[in-house]
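*Asks:* The sequence isn't on hand, but the structure is:
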Ligand SMILES: [Zn+2]
Ligand SMILES: [Zn+2]
């Protein structure tokens, strides 16, 4: 006896990641009962974003322009290209204030279980970007998860075969981290990847 | 450097209950990257539901008609009126196959902390419905939570003052429940509210 447009809405809400049948129902009831204005605004924002948002021709992040502001900026060091998994990761890098080069956003990672391989990630586009003659070093900043590591390994082989310099961000004990609370895998890597100190 | 239509979408997604800034961002990226069709469908479903869905003039549940199918059905016992908090609760009652009367859906509960009192719940509409001259008994089927109990208590006083018969669904050990695994509060109530058995 649920009205059909309500059933359709509940089903449509399930396109959101992490939203199952129960919470889709709860969301639909909430919107219709308590926040019709918010629901209207959401519908319009979806339409607008779908129309306006595309991928930057150079770095692949979300943008409303052909080329995003960062890629177009003359203040960035175009000889450095940092590869990250997502726009959020790119923001994290920016917030570290440790990097002034350009980016390439994979919009994912190699994940065989999800059916995402090199082709789905369109890695040929990254390759073309990295081989523009200006890039001298590609810094792989994918996550230190199994999938991020596999992606970095794959990219490293690919790029090195083209004679492009490749590096990987360091892993180890977090700044402010106490050994007592660092997991043993991280600590083991920190020992193996120890750096010699200058005198 | 987030494009403004993307920022607007992330903000708009926060109207959904239980969605904070992090998951709104994750949802927006997911929709734009992996499910543009789903996002389009969601936008349209929101628009359609907002336009089509209203409240039944008799029972207050969501419907696309003036009066919902159930209220319009001649097969239901119009002398019984069951008060529930939500459309989901009404569905649960229906699935129990123990009730063939009509309903009134509060679309909430008295909840002073959320600023929801008798006025916000528009209890005068329920009162008018219960005083139609046909209803002989109002069955209070609000939840056995603090708020549901307070709502039932309030409604019971209100209805009794108008001379309307009022009952409350029973509480006790669940069917199939083992005493060993029932919480002690429920067990205490089951003892206090024990029923005499026929010979
Ligand atoms: Zn760009
Ligand atoms: Zn109705």
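*Replies:* Yes, it's here. These numbers were taken from a predicted model, which means no experiment stands behind them. Numbers count the residues shown, from 1 in each chain, chains lettered A, B, ... in the order given. Ligands and ions are numbered 1, 2, ... in the order given.

*Asks:* and the longest strand seen in chain A, what's its mean pLDDT?
*Replies:* Criterion DSSP state E: the longest strand present in chain A is strand A:77-84. Taken as a whole, strand A:77-84 has a mean pLDDT of 95.

*Asks:* can you tell if stretch A:37-53 touches chain B?
*Replies:* Yes: residues of stretch A:37-53 are located near chain B by Cβ under 8 Å from any Cβ of the partner chain, namely A:38-50, A:52-53. C-beta coordinates here come from the backbone N, C-alpha and C atoms, glycine included.

*Asks:* which residues in chain A form helices?
*Replies:* All helices of chain A, identified by DSSP state H, fall at A:4-13, A:21-34, A:36-52, A:69-72, A:87-95, A:123-130, A:146-160, A:184-192.

*Asks:* hang on, the earlier thing: wait, which of the residues of stretch A:37-53 next to chain B is closest to ligand 1?
*Replies:* Checking those against ligand 1 by Cβ to the ion gives residue A:53 as the nearest, at 13.0 Å.

*Asks:* residue contacts, the closest one?
*Replies:* Contact analysis of residue A:53 by Cβ atoms under 8 Å, 6 or more residues apart in numbering or on different chains lists A:62-64, B:3, B:5-6, B:32.

*Asks:* can you redo those as JSON lines with pLDDT and distance to residue A:178?
*Replies:* Below are those laid out as JSON lines (pLDDT from 0 to 100; distance: Cβ to Cβ, whole Å):
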{"residue": "A:62", "pLDDT": "96", "distance to residue A:178": "38"}
{"residue": "A:63", "pLDDT": "96", "distance to residue A:178": "41"}
{"residue": "A:64", "pLDDT": "96", "distance to residue A:178": "44"}
{"residue": "B:3", "pLDDT": "86", "distance to residue A:178": "40"}
{"residue": "B:5", "pLDDT": "96", "distance to residue A:178": "43"}
{"residue": "B:6", "pLDDT": "96", "distance to residue A:178": "38"}
{"residue": "B:32", "pLDDT": "96", "distance to residue A:178": "40"}
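
*Asks:* chain center to stretch A:1-15: distance?
*Replies:* Counting by Cα atoms, centre = their mean, to the nearest Å, stretch A:1-15 is centred 31 Å from the centre of its parent chain.

*Asks:* How about stretch A:182-199?
*Replies:* The answer for stretch A:182-199 is 26 Å, by Cα atoms, centre = their mean.

*Asks:* mind listing what's buried in that stretch?
*Replies:* Buried residues in stretch A:182-199, counted by 16 or more other Cβ atoms under 10 Å in any protein chain shown: A:186, A:190.

*Asks:* Now do it, average pLDDT.
*Replies:* The average of the pLDDT scores along stretch A:182-199 is 79.

*Asks:* Equivalent analysis for stretch A:143-157, please.
*Replies:* The model assigns stretch A:143-157 a mean pLDDT of 93.

*Asks:* re earlier: sort out which residues of the longest strand of chain A are buried, please.
*Replies:* Judged by neighbour count (16+ other Cβ under 10 Å), strand A:77-84 contains these buried residues: A:80-84.

*Asks:* With distance to ligand 2 as added columns, please give these in CSV.
*Replies:* CSV is the format used below for the buried residues of strand A:77-84 (distance: Cβ to the ion, whole Å):
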residue, distance to ligand 2
A:80, 65
A:81, 62
A:82, 59
A:83, 57
A:84, 53
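
*Asks:* Quick one: name the residues of chain A near ligand 2.
*Replies:* Residues of chain A lying close to ligand 2 (Cβ under 5 Å from the ion): none.

*Asks:* ok, back up a step: return the list of strands paired to the longest strand of chain A, each annotated with direction.
*Replies:* Strand A:77-84 sits in its sheet next to strand A:101-105 (parallel), strand A:137-140 (parallel), going by DSSP bridges.

*Asks:* that older thread, which of the contacts of residue A:53 sits closest to ligand 1?
*Replies:* Using Cβ to the ion, residue A:63 comes nearest to ligand 1 of the contacts of residue A:53, at 6.2 Å.

*Asks:* Start and end of stretch A:44-60, how far apart?
*Replies:* Using Cα to Cα, to the nearest Å, one end of stretch A:44-60 lies 25 Å from the other.

*Asks:* For the residue nearest to the spatial centre of chain A, give me its contacts.
*Replies:* The residue lying closest to the centre of chain A (Cα atoms, centre = their mean) is residue A:86, at 0.9 Å. Counting by Cβ under 8 Å, 6+ apart, residue A:86 touches A:105-108, B:29.

*Asks:* ok, 10 Å please
*Replies:* Contact analysis of residue A:86 by Cβ atoms under 10 Å, 6 or more residues apart in numbering or on different chains lists A:61, A:92, A:105-109, A:142-143, B:25-26, B:29, B:33.

*Asks:* And it, how far from residue B:117?
*Replies:* Going from residue A:86 to residue B:117 by Cβ to Cβ, to the nearest Å gives 45 Å.

*Asks:* What of residue A:148?
*Replies:* Remark: distance between residue A:148 and residue B:117 (Cβ to Cβ) = 52 Å.
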